Every structure is written in C-alpha cells, then in structure tokens.
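Participant: Please work out how this folds:
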Amino acid sequence: MPRTTGDLPDRTLPRLLARNAREYGELPALSWRRTREDGGWSTYTWAEVEAHTRVLAAGYRALGAGRGDRVLLMMPNRPEHWLSDLALVRLGAVPVSVYGTAAPEQITHIARNCRARIAVVDGAPQVALWEPLLTDEGTPLERLVVAEPGTEGGHLPYGALLREPVPDGFAWQLDTARPEDTLTVVYTSGTSGEPKGVVLTHRQVLSNALALDAVVELPPHVEHICYLPLAHIAERMLGIYLPCHRASHVHLCADPAGVDAVVREVRPAQFFGVPRIWEKLSATVRGILALMPAGQREIVEEAFAVGREHVGHRERGEAPPAGLEKRYTRAREDVLLPMLAAGGLDRVTWTASASAPMPVEVVRFWAGFGIVVMDAWGLTETAGVATSNSPRAGFRLGSVGRPVESVEVRVAEDGEIMVRGASVCSGYLRPDGSVLPAVDADGWLATGDIGRLDEEGYLWLTDRKKEMIITSTGKNVSPALVENALKEHPLIGQAMVHGDHRSYLVALLVLDAEAAPAWAEANGVPVDGGPAGLAAHPAVLAEVDRAVAAANTRLSRSEQVKRYELLAEEWGPATGELTPSLKMRRRVIRDKYADALSGLYEN
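Facilitator: Reported below is the predicted structural model:
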C-alpha cells in the first residue's frame, strides 16, 4: 500500500495527488473508453492526471470558481467528471455531483440550496433540464459548461476550459486546502423528502479511508471499476478518494448496464455492488445453472457445497481441515474458477456490498464460489462505511460487520443505531452557506436505521426507523426482513410489503427479469408472451404461491404475507420506484400502486 503523506491532521486530497504524481507518476491512474465504436481504452498516469487537472483548474478559475465556491456536476462516469472533481478540489472549490436521473424539481432544489454559479453537464438532454435555472430568480446559476462536443447549444464547451492559459504564479493558488475545509457536498438520494446536502471535509473523508484500509486487504495499486453514480457516497469513496489515497487505477464505466462487460475485460481484484447488483448477478448465474444438464449441474452443486463449507470455517475463525482444503482447492480449480472466469471475477480478492440489507440467501449463494461478499453499512453522513465485515478482522454472514476505527457505534433504547467519530459529517448545508449540525450535544448521529449489536460487536440491521410497519394489532414488523425472505426464490426479483395500521401484510412482487425466462424454459412454460405473459401464466403463479408460502413458514404470524400481486415490469430509477443508488422509494411505489394495494384488502 502506498505510504501516507504526513499524519492524518495534515492530509488533504491535493497532497495525496501530489504524492502520487511524485512517487507513482508512471503508474496508470484513470482509464476510459475512447468511443463506443472503438471500444479501446485511453489512460492517464498519475503524473498526467496532475498535469491535466492543473490546466483544468486554471480554466475553472477563469470562469470565476474560487475557494469555497460550489460547482455542480451532472455527467455520467466520464473523464470530464472525474478530472473536474479533482481540478476543483485543487482550486479549493467544492464539487457537487448530481444524479443523472434526478427529477427537475430535485435539480432546482439542489441548485438553490448549494448556491452554485456554475454547472457542468453532459449534453443536450441535461442542457434542457438546467437552462431554465439560468433565468430562475431563486437560483444564482450563471453558466453552463457542456461536456459532449457539438451539444453546447450556445453554452460553453468543456474543451474551452483546457484552452485557457495557465497564469503566472497560478501554482501558488493550487493545493492550499486545509484538512478542515469542505471537500464535497453530497446530496442524499431522497428516499423520502427533499435531498439534503451533506457537508464532508478532507479530514472526515480521509479518516474514513484510513479506517477502511485497516479492514481491507488489497494488492498495491489495485484496479477499481467505477460504474455507480459519482453522486453516491460509495462511488465517491471507491472511485475518487480511495484511489487517490491508494494510488490505484480507476476504470470508468459510463453506463452501469455495461459493467459486466468491463468486469470480464478488466478482471478486477476488488468489486463493490449494492445488494440489487449482487441479486441480479446471482439470478443470471442461477439461470445458466437451470439450463445445464442434470449431471453437470450436480457437479456444480457439489462444488458449491464445498465452497460454503470452506467459508463456514473461515467465518468461525477456524483453519479449514486439511481434507477440506484439498477438496476446496480441487473444486475451485476444476469448477469454480472457470465459472468465475467467464464473468471476469476469477481474480477477485475483495467483494463488498452496502446501501441496504443484503439478503442472506444471496450471500450464501456467493459463498458457494468461495466468495465472501463483505457486507458493510454506513451513510452519506458517515463519509461512507461505518461498519464492515473483513477477511482480516472477521466476518459474520448476514451482519454488516463491526465498527471501523474512525467511528464508534451504539444502539439506543428504541433500537436506533447511533454513530459518532472522526468520519461523521459536519452537518447539512443551508442556502445561506451555514451548516446545520447533524449530531447531538454529545456528538452522536441518529442514523434512522434500526439494528442490534451482538456480544462480539457485530451489527445486525433490522430496517429503517421510518419504514417500520406497525400493524393494527400493534405489532412492529421489519419490511426488509419480510422482503428478503420473499426474494429468496429466484423468480422474485423485487418485493415491497405493505400493511401499516392494517390487520395483515400484503405484497407487491416483481418477476426477476433474468431468472424468470430461464425458469420458464426449464419448466416448459412458453416465454413468447414476454414478462407480462409469464406473470399471468398459471404455472408461474403457482410457483410464486409456493415461494410465498415457503417464506411465510420462516416468519412470525404478524410478518406473514396474506395476499400479493405479481408484477411484470421491473422497478428502476428511470421509472421512479428506486433511487439512483437502487434503494426503494416506498412512498412512490405506494402511490403508483395505490389501487392494487387497496384491492389486496378487499374481500
């Protein structure tokens, strides 16, 4: 791992960038696809990143961006986004990334709240969203910079920033950030209410980076595939801040739908995915398994059993017996590695998930490959990870691990998880530039999540405090617990349970787009009717009935689902049911399917 620069109190992102250019200047830092047609990669070394961001910072300075000024960025994961982020930080300005799927009213709220005068956007569709704000009296926005050539529509092309001459003495204006200065403002994805601007300093972010290094074992200068939105705290940490901290190599993936192809090509040593990503990957693999001849499938299942047994010993902190180690080595070489290689995951040494509770069944599925998806937990307000499982410090499948070194965690009397420490945010940005503290008088942040700490210090999530269902009989029900039980069947890709102040629970279930066709083919069900045809087919409905009944046997009476409706169309950010980080927007779903939910309570 690269040496750090100075003690933690003196560390800033520009100092890390300077170290990387000085000590690792010839190593690759950033790669991106040249064009869709070409498909090849362009790469900057760390020395080239330092030189490019110096020129780019001069371009932003000529536009009027200076110390403390917030600059909005709404682009996919393209080099202009990544490099602008670093250039602005070097200038002392504050980059603020906006989700590409943000609704116009969310964009307006963020622009008014952060008071930015400059926004850098991707192309014509984004220009159309942002142009009205240039004449909006409540928004101080003055300039649009457009990244995609030929789509400027009269606004400043991004390339013009790189043509600005670097003024004499400009170097003295760069890299002067202090650890207590704001590094970024990250807006929450808005599962309920308006997004809040979380203010994070260099010190808070880099203390979290150091804490993560204490629990994660990775090769030096490891590669990272940056495919989640840079407006998400997880990708900001993994895709910008940790690569600067570790002098690692970032591969940008502008379209998350194409991440599987990039994984196969890069074969990364680390891979992070929110639970929905791991669910979809496991559904794809299960679909392939379902189409295998019985004999071949039996060999794979036997290898999976060995993999899970091996992981079980590691989970308990035990060395696997010699006989098991031999069987695992053979199963891994003959069966598991070839399957992983087909998906580009054969070199993976660290896999992780966060953002929402991971279904235990999905974790157990990947354990069959010998892969332990290290579930972690944290918030935007904690600069990312607050607790994590770790191959070095220990793990418990189904938990979200133990607190990292930069924070301490406790559980309040009502079950709410509380956090305090060096990586907890400064607070929430107000329109006047002041910051509303996020912690109480003793420094504790109320997270809104419900959970428990076991005797070994592992944290187990139950649900969001505001999302707990209270039935008409007064029973508290965790919707996530019920939903994860329902999703254990491969046909059910998404689920939302409902029943606040009702006498029983009902559910909306969504067919898994990858697993359903494979299941149908294996069971002789015609697939020519598409998802809608499958969702209405009696054989599929009978199988889903069995899946719900099986889930109910593992749930208490108050948690059991009495009725459900099976939907064909997958929920997503584009249609509004999920946030850009793939969390459910329960209120949106309840409003959209209000009639269906009411109908499930009618006799």
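
Participant: measure the closest residue in space to residue 433 that isn't next to it in sequence to residue 425 for me?
Facilitator: Leaving aside its chain neighbours, residue 433 sits nearest to residue 115 (6.9 Å; criterion: C-beta to C-beta, 6 or more residues apart in numbering). (C-beta placed from N, C-alpha, C; glycine too.) In this view, residue 115 and residue 425 are 19 Å apart by C-beta to C-beta, to the nearest Å.

Participant: Please identify which of the two sits among more neighbours.
Facilitator: For residue 115 against residue 425, the residue with the higher neighbour count under other C-beta atoms under 10 Å is residue 425, and the figures read 25 against 16.

Participant: who's in contact with the more buried one?
Facilitator: Residues near residue 425 by C-beta atoms under 8 Å, 6 or more residues apart in numbering: 198, 199, 200, 204, 380, 381, 382, 383, 438, 445.

Participant: Select from those residues the one having the most neighbours.
Facilitator: Neighbour counts for the contacts of residue 425 were taken using other C-beta under 10 Å; the highest belongs to residue 383, which has 34 neighbours.

Participant: pLDDT at that one, what is it?
Facilitator: Per-residue confidence at residue 383 stands at 95 (pLDDT).

Participant: my read: the residue nearest to residue 433 touches residue 70, true?
Facilitator: Yes - the pair residue 115 / residue 70 is scored as a contact, 6.6 Å apart, by C-beta atoms under 8 Å.

Participant: returning to what we had before: find me the pLDDT at the residue nearest to residue 433, would you?
Facilitator: Reading off the per-residue confidence, residue 115 sits at a pLDDT of 96.

Participant: how close does it get to residue 381?
Facilitator: Distance, residue 115 to residue 381, using C-beta to C-beta: 21 Å.

Participant: can you tell me the average pLDDT over stretch 439-447?
Facilitator: On average, the pLDDT along stretch 439-447 is 95.

Participant: longest strand anywhere in the chain?
Facilitator: Here the longest strand in the chain is taken by residue count, with DSSP state E as the criterion, and it is strand 445-453.

Participant: got a list of contacts for whichever helix or strand comes after that one?
Facilitator: Once the chain leaves strand 445-453, the next helix or strand it forms, by DSSP states H and E, is strand 459-464. Outside strand 459-464, the residues that touch it by C-beta under 8 Å, 6+ apart are 357, 377, 387, 398-403, 409, 415, 417, 448-454, 478-481.

Participant: Generate a ChimeraX selection restricted to the buried entries among these.
Facilitator: Remark: buried members of the contacts of strand 459-464, expressed as a ChimeraX selection using 16 or more other C-beta atoms under 10 Å:
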select :357,377,387,398,399,400,401,402,403,409,417,448,449,450,451,453,478,479,480,481
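
Participant: Counting neighbours, what do you get for residue 337?
Facilitator: Using other C-beta under 10 Å, residue 337 has 16 other residues around it.

Participant: can you check residue 271 too?
Facilitator: By the measure other C-beta under 10 Å, the count of residues near residue 271 is 26.

Participant: Phi and psi next, for it.
Facilitator: phi -150, psi 130 (degrees, to the nearest 10).

Participant: contacting residues for the closest residue to it other than its chain neighbours?
Facilitator: With C-beta to C-beta, 6+ apart as the measure, residue 351 is the residue that lies nearest to residue 271, at 5.2 Å, once sequence neighbours are left out. The neighbourhood of residue 351, defined by C-beta under 8 Å, 6+ apart, consists of 270, 271, 272, 273, 345, 366, 371, 372, 373, 374.

Participant: again, only this time at 7 Å
Facilitator: Applying C-beta atoms under 7 Å, 6 or more residues apart in numbering, we find residue 351 in contact with 271, 371, 373, 374.

Participant: Can you give the strand pairings for the lowest-mean-pLDDT helix or strand in the chain, parallel or anti for each?
Facilitator: Taking all helices and strands of the chain together, the one with the lowest average confidence (mean pLDDT, DSSP states H and E) is strand 476-477, at a mean of 77. When sheet partners are counted by DSSP bridges, strand 476-477 sits next to strand 469-470 (antiparallel).

Participant: So what touches the strand it pairs with?
Facilitator: For strand 469-470, the external contacting residues (C-beta under 7 Å, 6+ apart) are 476, 477, 479, 499, 500, 501.

Participant: again, but for stretch 388-400
Facilitator: Contacting residues not belonging to stretch 388-400 are listed as 215-217, 315, 317, 360, 363-364, 367, 372, 374-377, 387, 401-402, 404, 458-461 [C-beta under 7 Å, 6+ apart].

Participant: Give the buried subset of the residues you listed as a ChimeraX selection command.
Facilitator: Selecting only the buried entries of the contacts of stretch 388-400 in ChimeraX, with 16+ other C-beta under 10 Å as the criterion:
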select :215,216,315,363,364,367,372,374,375,376,377,387,401,402,404,458,459,460,461
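
Participant: The stretch 401-550 of the chain: strands as residue ranges?
Facilitator: With DSSP state E, counting those that start in this stretch applied, the stretch 401-550 of the chain shows strands at 402-403, 407-411, 416-421, 427-429, 435-436, 445-453, 459-464, 469-470, 476-477, 492-498, 505-511, listed in chain order.

Participant: buried sites along the second one?
Facilitator: If you call a residue buried by 16+ other C-beta under 10 Å, then strand 407-411 has these buried ones: 407, 409, 411.

Participant: try the fourth one
Facilitator: Taking 16+ other C-beta under 10 Å as the basis for neighbour counts, the residues of strand 427-429 that come out buried are 427, 428, 429.
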